[in-house]
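Colleague: Quick one: sequence plus predicted model below, questions after.
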Amino acid sequence: MRPTKIIIHHSATPDGKTYDWSAIRKYHVKTLGWLDIGYHAGVEFIDNDYERLLGRPWDMDGAHTLGQNHIALGLCFVGNYSLYEPEDEMLDIGAGIVKSWMRMFEIPLSGIHKHSEYQNKECPGLLFPWSKFLSKCR
């Protein structure tokens, strides 16, 4: 896979102090029967700090956006950003991941998309500050 897009998601689950990324991975693999978690990376608040989380290898098609998985990397922010806005630190870490992918795969800023552009969902959340996030990805 040579990605030409990056699609931004939220888990739409509460983000507590526990490690929710592993629960998402377990659901994707055990319940849905997928090869791995559907996203290529994630950001989660764990033990009072934001962590970068590895998902699928970059050369493996994602399982995050129907019709786009063969050309798009998926980044998931753990939390429900239709109920509250993510912290700036979380956005900064996510933007760092996106910027590295943009450099590695020569993806322009116009190649960053919300999941809701492709599916009838609120993802990455009604309160996700999209313009602010994009400005951090420049």
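Modeller: Received it, and whenever you're ready, just let me know what you need.
Colleague: longest helix of this structure?
Modeller: Longest helix of the chain, by residue count under DSSP state H: helix 88-105.
Colleague: how much distance is there from that one to the middle of the chain?
Modeller: 10 Å (Cα atoms, centre = their mean, to the nearest Å).
Colleague: got the buried residues for the next helix or strand after it?
Modeller: For helix 88-105, the following helix or strand on the C-terminal side (DSSP states H and E) is strand 112-114. Residues of strand 112-114 classed as buried: 112-114 (neighbour count, 16 or more other Cβ atoms under 10 Å). Every residue, glycine included, has its C-beta placed from N, CA and C.
Colleague: Which single one of those is nearest to Asp61?
Modeller: His113 (16.5 Å; Cβ to Cβ).
Colleague: the strands in this protein, which residues?
Modeller: Ranges of strands within the chain are 5-10, 41-46, 49-54, 72-77, 112-114, based on DSSP state E.
Colleague: Quick check: the nearest residue to Leu127 once chain neighbours are set aside vs Ala95, distance?
Modeller: Excluding its sequence neighbours, the residue lying closest to Leu127 (Cβ to Cβ, 6 or more residues apart in numbering) is Glu85, at 4.6 Å. According to Cβ to Cβ, to the nearest Å, Glu85 and Ala95 sit 15 Å apart.
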